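Enquirer: below is the sequence, then the predicted model.
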Amino acid sequence: MLQERGLLRAGQTDDRILCDIRPVAANDSLLERGYSRRPVNPLGLIGAIIAFAWARRRIRAGRLEQALRELRDISRLSRKSQAQCIDASRSFHACRRLVPVQPRCLVDSLALRMFLARRRLDADLIFGVQNEPFLAHCWVQSGSLILNDALHHTRSFVPIRCN
């Protein structure tokens, strides 16, 4: 079923990775780094609210693939700068606690990815699964740094798609 919907490709070359782009192995997590809470920037809060509204609309309408295409198109104009991704992610996390949306990995990851993309910052949205019990999960990663999850949590999932 995942192959029929274009989420996975047939003929994997590696026993563990089923995505076209092999993600960089994560070795650090922004959430596990010690940093003080930063004040909420009003423009950052507006950006976070817009990103969450965008993510929720796409998911509710069953348009995940469209959301991924939009992120990919925006990312063509983006640049990779881990320091700027870290700073923007910290701003996003400061605002996140004020956004009245139930935390869910898909909504949060799409929203963070859009928040970064609107700032012309590129990061990878990674989807992973585990077998027993079957679970799916996603997170955002810049290089080897996970931006919105704990390292030990993501390590229990096998990446199957990167955007």
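Expert: That came through, no problem. Everything numeric in this text was worked out from a predicted model, so none of it was measured. Residues are numbered from 1 along each chain as shown.
Enquirer: contact partners for the residue nearest the centre of the chain?
Expert: Central residue of the chain (C-alpha atoms, centre = their mean): V140, 2.9 Å from the mean position. By C-beta atoms under 8 Å, 6 or more residues apart in numbering, the residues touching V140 are S89, S109, L112, R113, L116, A123, D124, L125, I126, I146, L147, N148. Every residue, glycine included, has its C-beta placed from N, CA and C.
Enquirer: SS state for it?
Expert: Following DSSP: H, G, I helix; E, B strand; the rest coil, V140 is assigned to strand.
Enquirer: bridge partners for it, pull those for me.
Expert: When bridges are called by DSSP bridges, V140 pairs up with L125.
Enquirer: and it, how far is that from I126?
Expert: 7 Å (C-beta to C-beta, to the nearest Å).
Enquirer: pretty sure S156 contacts Q130?
Expert: Yes - counting by C-beta atoms under 8 Å, S156 does reach Q130; the two are 5.6 Å apart.
Enquirer: summarise which helices and strands the lengthiest helix in the chain is packed against.
Expert: As assigned by DSSP state H, the longest helix anywhere in the chain is helix 42-60. Counting contacts by 3 or more C-beta pairs under 8 Å, 6 or more residues apart in numbering; DSSP states H and E, helix 42-60 is packed against helix 64-75, helix 82-96, helix 105-117.
Enquirer: L135 - how many residues pack around it?
Expert: Counted with other C-beta atoms under 10 Å, the neighbours of L135 add up to 11.
Enquirer: many thanks, we can stop here.
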